[in-house]
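> Predicted model and sequence follow; I will ask about them next.
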Amino acid sequence: MNSRVLVIGAGSIGNFVGGKLGVAGAEVTLVGRRGMLDEITASGLRLTDLDGADDALAADRFRVATEPDDAGSADLVLVTVKSAATAEAVRELSGKIRPGTVVLSLQNGIGNDSVIREVLPQCVVLAGMVMFNVVHHPGGHFHRGTEGGLAVQDDPALAPFLGVFERAGLELRRYPDLRPVQWAKLLLNLNNPINALSGRPLREELADRDYRRCLALAQREALAVMNRARIRPARLTPLPPRVMAALLTAPNALFQRVAGQVLAIDPVARSSMADDLALGRKTEISWLCGEIVGLGAMVGMPTPVNQRLIELVVAAEQGDRRTWTGPELLGQLRDAAAGGSAERRANER
């Protein structure tokens, strides 16, 4: 019997993951906004990646809906909405979903699974993360532009679905405790606001030393706060997080030689935050840099670099300047860091 998969959030990630599961034989329903649903209904789904894969899923091989009315028939629910929309999205499942249904959060940030669990305590709610970037092109075309797979909290309830994920080329990397992986992914996602403010594709931005220095400032601040909170992020890159943060500041030639695979990114790929700003949508900045600022407040450490990134992105959301050169953005963050150091010294007196 084919798995019945309900995807809550038919955006770039939801359509790519749901579409790949559909190609692998799952019965998929995609729940999202009418504009997106009209597009994929008219064209079907085309799913490509930087490794050369090119799959198509005709529109008659998946269902679409603006509300999860048939949630009761789902064997597996994937939540792929933006973090801010989590509670509202899963409340629509309450009273419809069968007890014991597996609900997998495939979202950025820390703690979305806890939000879902509060609303759906009768379900098996698991944390997960998508470790790759997806670019949306017109005509229902979704392109995986970076390396990576799916990381999930391990649970016996996942067993019936392992086969379809593997056939889809989305093998689940399972962890007894996903939190260290989530914190490590958050460190990488601190580049999202930098990329969004740069106005450049990811590969071009990361090839620029000044933008990498911006990321290094944000990551070092985050690592210091995590250390104070006794959080040990997992190692997701060829080098440990602290070493990678240091390597980001290296000259371009050295960085490319030592960490060249970091630049193994499709030329057109941009961060999801860049896409949100381009479309005039609210971003997930509060679930990225905001996590670091919140953790810093909890452990009594200023986090001026991540706070400044929040301020710049919020200003961009409100229509202010959206494109910063590397030197300009680096100046903003260095000034913020200097102010934070002065504040910290004053507090220590």
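Arrived safely, thanks for sending.

> Strands of the chain, start to end?
4-8, 27-31, 45-49, 54-57, 62-65, 76-79, 102-106, 124-130, 134-137, 141-144, 150-153, 172-175 (DSSP state E).

> wait, residue 84 sits on residue 290?
No: counting by Cβ atoms under 8 Å, residue 84 sits too far from residue 290 to count as a contact (10.6 Å). For glycine as for every other residue, the C-beta is placed from the backbone atoms N, C-alpha and C.

> check contacts around residue 134.
With contact taken as Cβ atoms under 8 Å, 6 or more residues apart in numbering, residue 134 is in contact with 12-13, 16, 142-145.

> at 6 Å what do you get?
12-13, 16, 142, 144 (Cβ atoms under 6 Å, 6 or more residues apart in numbering).

> Could you report the distance from it to residue 148?
Per Cβ to Cβ, to the nearest Å, residue 134 is found 10 Å from residue 148.

> Quick check: closest non-adjacent residue to residue 313.
Distances taken as Cβ to Cβ, 6 or more residues apart in numbering place residue 285 nearest to residue 313, at 4.5 Å, with adjacent residues excluded.

> okay, now that neighbour: neighbour count?
23 (other Cβ atoms under 10 Å).

> For residue 126, see how far away the residue lying closest to residue 61 once chain neighbours are set aside is.
Once flanking residues are discounted, residue 61 sits nearest to residue 22: 5.8 Å by Cβ to Cβ, 6+ apart. The gap separating residue 22 from residue 126 is 21 Å, by Cβ to Cβ.

> Neighbour count: those two, which is higher?
residue 22 (27 against 21).

> which stretches of this structure have low pLDDT?
1, 261, 340-349 (pLDDT under 70).

> can we see that at 50?
Applying pLDDT under 50 to the chain picks out residues 345-349.

> Okay, buried residues for stretch 66-78 please.
68, 71, 74-78 (16 or more other Cβ atoms under 10 Å).

> just how off-centre is that stretch within its chain?
With Cα atoms, centre = their mean, to the nearest Å as the basis, stretch 66-78 stands 22 Å off its chain's centre.

> got the CA positions of it in PDB?
Provided in PDB are the C-alpha atoms of stretch 66-78 (Å, rounded to 0.1, in the frame of the first residue of the first chain):
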ATOM      1  CA  THR A  66      -6.000  25.200   0.400                       C
ATOM      2  CA  GLU A  67      -7.100  23.500   3.600                       C
ATOM      3  CA  PRO A  68      -6.100  20.100   5.100                       C
ATOM      4  CA  ASP A  69      -9.600  18.700   5.000                       C
ATOM      5  CA  ASP A  70      -8.500  15.100   4.200                       C
ATOM      6  CA  ALA A  71      -5.900  15.100   7.000                       C
ATOM      7  CA  GLY A  72      -7.700  12.100   8.500                       C
ATOM      8  CA  SER A  73      -6.500   9.800   5.700                       C
ATOM      9  CA  ALA A  74      -2.900  10.800   6.000                       C
ATOM     10  CA  ASP A  75      -0.200   8.300   7.200                       C
ATOM     11  CA  LEU A  76       2.500  11.000   7.300                       C
ATOM     12  CA  VAL A  77       2.200  14.800   7.600                       C
ATOM     13  CA  LEU A  78       5.200  17.000   6.600                       C
END
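
> what comes into contact with stretch 68-84?
3-9, 13-14, 31, 89, 92-93, 96-98, 102-107, 109, 112, 161, 284, 287.

> can you check stretch 207-214 too?
194, 198, 205, 248-249, 252, 326-327, 329-330, 333.

> Of these, grab the buried ones for PyMOL.
With 16+ other Cβ under 10 Å as the burial test, the buried ones among the contacts of stretch 207-214 are selected in PyMOL as follows:
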select buried, resi 194+198+205+248+249+326+329+330+333
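
> Quick check: closest non-adjacent residue to residue 197.
Leaving aside its chain neighbours, residue 197 sits nearest to residue 324 (4.8 Å; criterion: Cβ to Cβ, 6+ apart).

> err, residue 12, not the other one
Here the residue nearest residue 12, using Cβ to Cβ, 6+ apart, is residue 134, at 4.1 Å.

> Report the two of the buried residues of stretch 66-78 separated the most.
Greatest spacing in those, by Cβ to Cβ: 68 and 75 (13.8 Å).
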